[in-house]
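*Asks:* Turn this into a model:
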Amino acid sequence: MVRRRGMAGAAGFAAVGLVVLLAACGPASSSVGGASAGASNGGTTVTYAMSPGGTAAYPFPFMGLNQIGFDSIFNIDDFQYLVYRPLYWFGIGTKPYVNPELSLAYKPTYQGNVVTIKLKKTYKWSNGEPVDAQDVVFWMNMMKAEGENDAYFSPTGLPSDVTNIRTAGKYVMKMDITTPKFSESWFDNNELSQVTPMPMAWDRTAAGPSHCATVVADCKAVFNYLTAQSSKAPSTFPTSPLWSVVDGPWKIQRLTTDGNLTLTYNNSYGGPKVPDHITTFIELPFTSEAAEFNVLQDPTSSQTIDVGYLPTVDALVPPAGSNVGANPRTLSDYQLSALYPWQLTYFPYNYKNTTGQAPIFDQTYFREAFQSLVDEEGVIDGPLHGYGKPVFGPVSGFPATKYISPQVAALGDRWTLSVKRAETLLADNGWSVKPNGTDTCVRAGTGPGHCGAKIPAGTQLKLKLMYATGIDWMQSAARELASNASLAGINLSLIPESFDDVVNAAFGVSPTCTASNCTWQMAWWGTWTYSPDFLPTGDELFEGGAPNNAGDYNNQHNNQLITATLQARTAAQFDSAMYRWQNYLAPQLPVVYEPDYPSLVETIRGLDIGPQNSALTIMPEEWHYLK
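*Replies:* Here you go, the predicted model:
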């Protein structure tokens, strides 16, 4: 299913909400930008460093396929969610679960296939109108109208799986779920999690007011108009009659073309309020860890950062039994903390590759051999400086949730570094292994001891890994993998590219990746963050035909097991289906797993930012300076 892509780069600062999308090198602009000196000495202003490559840019929280790039964690969590609240808010401390207190609506109820949503009456738009059921129907109608043009579209999910969308009172809306069997947990966490109510002020075109909120046929013109307005110069957003109407705790005061954002507190906000909270929130963009770190540790800089991040390669190794180490001496004014986001770190094989490697990737023995060359513990102990957790299946094991299979968790990493295991697997399956040379298929065919279907004799193990630049530890991990692979006779060429180029290639946006010409082989953009689909049921990343299944992995039994998770009505049925699916897919190794890493958050001493959120949502409206 297509969702807002929760792709993130390899390091950075997911903590208070950021996860990284990767980056090119160098600062975002010659002067990161015109921000005030911050509030390092206490007060009402906080300056926040966005992760490498992250920028606020696009206000309209309903993006078409042409807006890929804006449907990222940065633009959504660190911009849109602050001004336009989603229907349901996720994140309770380290758990990526729905937060009833911060959601605009109460928990949905189900009667048969009818879902009922009751909104709270405390929220209103900054123009004085209430956030009500019609605002939710407005969003759903646009989903119905835009269909495949929308970045949220799913051939089996929203909007295809609902009908008869209607209000049933000022603050109550209903819709019928057309799927005969469905999991309520899935619908709560992966369908309704996408919805963002939209104000009636947005129901218009250039010609004037429209009726998308009640008439689906009017929505296409409204969508086109709002999309065009979102593409205007960012400097126009603060005074726009559209984007100045907000229901979140923040309003846009200033936004530059390079993503330098200033927000001011919305006094009309209807959510929980913290006394003495900050009233100005500044976001600074950076395109590399080094650029941010230079500002963070330089007390003479014209910039100040109140909440930033420490690159793992600059972190001190935490002592045994501790979750966090000491700060470098250059950051004595900051408090260091670590947060592991709700994410999965991996990179896909391209099973549709058109240059001859796809049949190799199809072989389970090859995937076992290649995973055996990934030294997750070495990466954790090395460039991650003791921070990180090994990944060994399709559901992240950290932070601990009720979603991971006990069997998979108990078995742990079954593919720890072993060049010998990789050599044996290849030799036993038809390859002439040449350490520090290039392996060659010498027994073509499909029977035991042969290379596998469609792999001709003489095929050499010459592979390419495209990876996104800007994050030091990820570059180190890629180099180590290439070195380990050479020891087993796999010639792995590394291709550093910008984050955008890697994503565009892997997700088919690049014109070089068509049905007849798709040349990339492996592509590592960083990590996948579970947002706004927080339930890791596999239908996004591992189901055949899912657009976010970047490498087009397709296994019929796996698809059936995923379907069972989506159709489990009771909690017990859901848990059982989730565990059966993971127990099957984990040893299949559909992708290459790399270690999950935390965000190392640097908070200026005296500033309280509260519990950090593994769901990557931030709540600066609750931040305050201690007195």
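*Asks:* how far away is residue 124 from residue 266?
*Replies:* 10 Å (CB to CB, to the nearest Å). All C-beta spots, glycine's among them, are computed from the backbone N, C-alpha and C.
*Asks:* and these two? which has more neighbours close in?
*Replies:* residue 266 (20 against 16; other CB atoms under 10 Å).
*Asks:* Surely the more buried one touches residue 252?
*Replies:* No. In this structure residue 266 lies outside contact range of residue 252 using CB atoms under 8 Å: 10.1 Å.
*Asks:* Between the two, which contacts overlap?
*Replies:* 83, 246 (CB atoms under 8 Å, 6 or more residues apart in numbering).
*Asks:* and the residue nearest to residue 406 when sequence neighbours are not counted, what does it touch?
*Replies:* Nearest residue to residue 406, sequence neighbours excluded (CB to CB, 6 or more residues apart in numbering): residue 579, at 7.0 Å. Contacts for residue 579 (CB under 8 Å, 6+ apart) come out as 405, 406, 407.
*Asks:* Then residue 579 would be within a strand, right?
*Replies:* No. Secondary structure of residue 579 (DSSP: H, G, I helix; E, B strand; the rest coil): helix, not part of a strand.
*Asks:* That one and residue 572, how far apart?
*Replies:* 11 Å.
*Asks:* hang on, the earlier thing: for the contacts of residue 579, which PyMOL command selects only the ones that are buried?
*Replies:* A single PyMOL command selects the buried members of the contacts of residue 579 (16 or more other CB atoms under 10 Å):
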select buried, resi 405
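*Asks:* Serialize the contacts of residue 579 to a markdown table and add fields for pLDDT.
*Replies:* Converted to a markdown table, the contacts of residue 579 look like this (pLDDT from 0 to 100):
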| residue | pLDDT |
| --- | --- |
| 405 | 97 |
| 406 | 96 |
| 407 | 97 |
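*Asks:* In helices only, show me the contacts of residue 579.
*Replies:* 406, 407 (DSSP state H).
*Asks:* For residue 567, the count of nearby residues, please.
*Replies:* There are 16 residues near residue 567, going by other CB under 10 Å.
*Asks:* which residues does it contact?
*Replies:* By CB under 8 Å, 6+ apart, the neighbours of residue 567 are 179, 181, 182, 183, 577.
*Asks:* What's the local residue count around the second one?
*Replies:* Burial of residue 181 is recorded as 12 neighbouring residues (other CB under 10 Å).
*Asks:* quick one: secondary structure of it?
*Replies:* coil.
*Asks:* Tell me how far it lies from residue 395.
*Replies:* Going from residue 181 to residue 395 by CB to CB gives 22 Å.
*Asks:* just the fourth one next, same as before
*Replies:* According to CB to CB, residue 183 and residue 395 sit 15 Å apart.
*Asks:* Pretty sure residue 451 sits against residue 439.
*Replies:* No. With contact defined as CB under 8 Å, residue 451 does not reach residue 439; the gap is 10.1 Å.
*Asks:* Need the overlap of contacts for these two.
*Replies:* residue 431.
*Asks:* pLDDT on stretch 434-445, on average?
*Replies:* Mean per-residue pLDDT for stretch 434-445: 98.
*Asks:* and for it, what are the contacting residues?
*Replies:* So stretch 434-445 is contacted by 419, 423, 426, 430-433, 449-451, 455-462, 486-491 (CB under 8 Å, 6+ apart).
*Asks:* Check those for burial and list the buried ones.
*Replies:* Counted by 16+ other CB under 10 Å, the contacts of stretch 434-445 give 419, 423, 426, 430-431, 433, 450-451, 455, 459-461, 486, 488-491 as buried.
*Asks:* Next step: the residues you listed restricted to strands.
*Replies:* 431, 491 (DSSP state E).
*Asks:* who does the closest residue to residue 113 other than its chain neighbours bridge with?
*Replies:* Distance criterion CB to CB, 6+ apart; nearest residue to residue 113, sequence neighbours excluded, is residue 177 at 4.6 Å. Applying DSSP bridges to residue 177 gives these bridge partners: residue 162.
*Asks:* For residue 321, grab the count of nearby residues.
*Replies:* So residue 321, with other CB under 10 Å, has 5 neighbours.
*Asks:* Tell me how far it lies from residue 386.
*Replies:* Taken as CB to CB, the span from residue 321 to residue 386 is 11 Å.
*Asks:* same deal with residue 134?
*Replies:* Taken as CB to CB, the span from residue 134 to residue 386 is 52 Å.
*Asks:* higher neighbour count, the two?
*Replies:* Taking neighbours as other CB under 10 Å, residue 134 and residue 386 compare with residue 134 leading, 22 against 18.
*Asks:* and that one, that one's in a strand?
*Replies:* No. Residue 134: not assigned to a strand; according to three-state DSSP it is helix.
*Asks:* So it is in contact with residue 169, correct?
*Replies:* No. Using CB under 8 Å, residue 134 makes no contact with residue 169, being 10.5 Å away.
*Asks:* show me where pLDDT drops low in the stretch 1-150 of the chain?
*Replies:* 1-42, 64-69, 150 (pLDDT under 70).
*Asks:* got the residue ranges for the strands in it?
*Replies:* 7-8, 45-52, 90-92, 95-98, 109-111, 114-118 (DSSP state E, counting those that start in this stretch).
*Asks:* mean confidence score for stretch 230-237?
*Replies:* 95.
*Asks:* Just grab the bridge partners of residue 528 for me.
*Replies:* residue 7, residue 344.
*Asks:* What count of nearby residues applies to it?
*Replies:* 24.
*Asks:* Likewise for the one 3 residues further on?
*Replies:* Residues near residue 531, counting by other CB under 10 Å, number 28.
*Asks:* my read is residue 582 is in a helix, agree?
*Replies:* Yes. Assessed with three-state DSSP, residue 582 lies in a helix.
*Asks:* Can you say which of the strands of the stretch 1-150 of the chain is nearest to residue 518?
*Replies:* Evaluated over the strands of the stretch 1-150 of the chain, closeness to residue 518 peaks at strand 7-8, with 18.9 Å, by CB to CB.
*Asks:* count of residues packed around residue 261?
*Replies:* Around residue 261 there are 27 residues (other CB under 10 Å).
*Asks:* And the pLDDT at it?
*Replies:* For residue 261, pLDDT reads 96.
*Asks:* buried ones in stretch 205-216?
*Replies:* So, applying 16+ other CB under 10 Å, buried residues of stretch 205-216: 205, 210, 212, 213, 216.
*Asks:* same check, this time on stretch 595-610
*Replies:* In stretch 595-610, counting by 16+ other CB under 10 Å, buried: 595-604, 606-607, 609.
*Asks:* could the residues you listed go into JSON lines alongside secondary structure, pLDDT and distance to residue 480?
*Replies:* Conversion of the buried residues of stretch 595-610 to JSON lines gives the following (DSSP: H, G, I helix; E, B strand; the rest coil; pLDDT from 0 to 100; distance: CB to CB, whole Å):
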{"residue": "595", "secondary structure": "coil", "pLDDT": "96", "distance to residue 480": "12"}
{"residue": "596", "secondary structure": "strand", "pLDDT": "94", "distance to residue 480": "17"}
{"residue": "597", "secondary structure": "coil", "pLDDT": "90", "distance to residue 480": "15"}
{"residue": "598", "secondary structure": "coil", "pLDDT": "89", "distance to residue 480": "20"}
{"residue": "599", "secondary structure": "strand", "pLDDT": "87", "distance to residue 480": "22"}
{"residue": "600", "secondary structure": "strand", "pLDDT": "92", "distance to residue 480": "21"}
{"residue": "601", "secondary structure": "strand", "pLDDT": "93", "distance to residue 480": "26"}
{"residue": "602", "secondary structure": "strand", "pLDDT": "95", "distance to residue 480": "27"}
{"residue": "603", "secondary structure": "strand", "pLDDT": "95", "distance to residue 480": "32"}
{"residue": "604", "secondary structure": "strand", "pLDDT": "94", "distance to residue 480": "35"}
{"residue": "606", "secondary structure": "coil", "pLDDT": "93", "distance to residue 480": "40"}
{"residue": "607", "secondary structure": "strand", "pLDDT": "95", "distance to residue 480": "37"}
{"residue": "609", "secondary structure": "coil", "pLDDT": "93", "distance to residue 480": "34"}
